[in-house]
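> I'd like to go over a predicted model; first the sequence, then the structure.
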Amino acid sequence: MNPWLLTLVLAYLLGSIPFGYILVRLFLKQDIRKTGSGNTGATNVARSGKKGLAIATLLLDLLKGVAAVVIARHIAAAHGMNTEDMAAAAAAMAILGHIFPVWLSFRGGKGVATGLGVFLAISPLTTLCCLAVFIVVFMIWKYVSLASIVAAAVFPVFAFLFSHGNVSPIVAASFVVIPAVIIFKHHSNIQRLLKGTENRFGKKKEA
């Protein structure tokens, strides 16, 4: 199989593993899509009242992002190809898999935890800076959505700053496109934030 095709398919399938859905179904016998926002991500899993499941979802969603990038680099290296270009493409496919999982009729999460995972593997220092921004925004306003949006928005700034612009077009595109997709997936949260109706973290919301 063509190395690019193999990498992209594997990254998508890894990203599409719906850990939030699986854990809630397994331990609570519930469908997480019928709770809160209907997403399968860690924030919505937290609304089930089980913080342990939310933490597990966060870590597993993060790790599948890391795994997609690591596997992509190994495939690229084995075929004498550009490892960072392959890693960036795999990162994008893992995010798409998480947001649009084939197993759940293309209805998944918003890509934040998986995005954290892929960028930890691609640009650790940039990701840690964005994580610090996330924590500060969240501690001040208590909105996970707002913290996620701001962290995603500043990612390209840190990424290009630390790389000094010395990246390929594919990697540069991933620095912009992936955060843009994550922000777009928060469009309903943005509307609620503007209206003042967005739920603060810790407050359970019924679907």
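Noted; the coordinates are in hand. Residues are numbered from 1 along each chain as shown.

> which ones are touching residue 159?
Contacts for residue 159 (Cβ atoms under 8 Å, 6 or more residues apart in numbering) come out as 123, 126, 175. The way it works is simple: take the backbone N, C-alpha and C, and place the C-beta from them, glycine included.

> In which helix or strand does the second one reside?
Residue 126 is located in helix 124-141, with elements delineated by DSSP states H and E.

> Residue 31 versus residue 75, what's the distance?
According to Cβ to Cβ, to the nearest Å, residue 75 and residue 31 sit 35 Å apart.

> Looking at these two, which has the bigger crowd around it?
For residue 75 versus residue 31, neighbours defined as other Cβ atoms under 10 Å are more numerous around residue 75 (20 against 14).

> Tell me if that one really is in a helix.
Yes - assessed with DSSP: H, G, I helix; E, B strand; the rest coil, residue 75 lies in a helix.

> Show the pLDDT at it.
pLDDT for residue 75: 98.

> Buried residues in the host helix or strand of residue 157, which are they?
Following DSSP H and E, one finds residue 157 within helix 144-163. In terms of neighbour count (16 or more other Cβ atoms under 10 Å), helix 144-163 has its buried residues at 144-152, 154-156, 158-160.

> Same question for stretch 86-104.
So for stretch 86-104, counting by 16+ other Cβ under 10 Å, buried means 86-101, 104.

> what's the distance between that stretch and the middle of its chain?
Distance of stretch 86-104 from the chain centroid (Cα atoms, centre = their mean, to the nearest Å) equals 9 Å.
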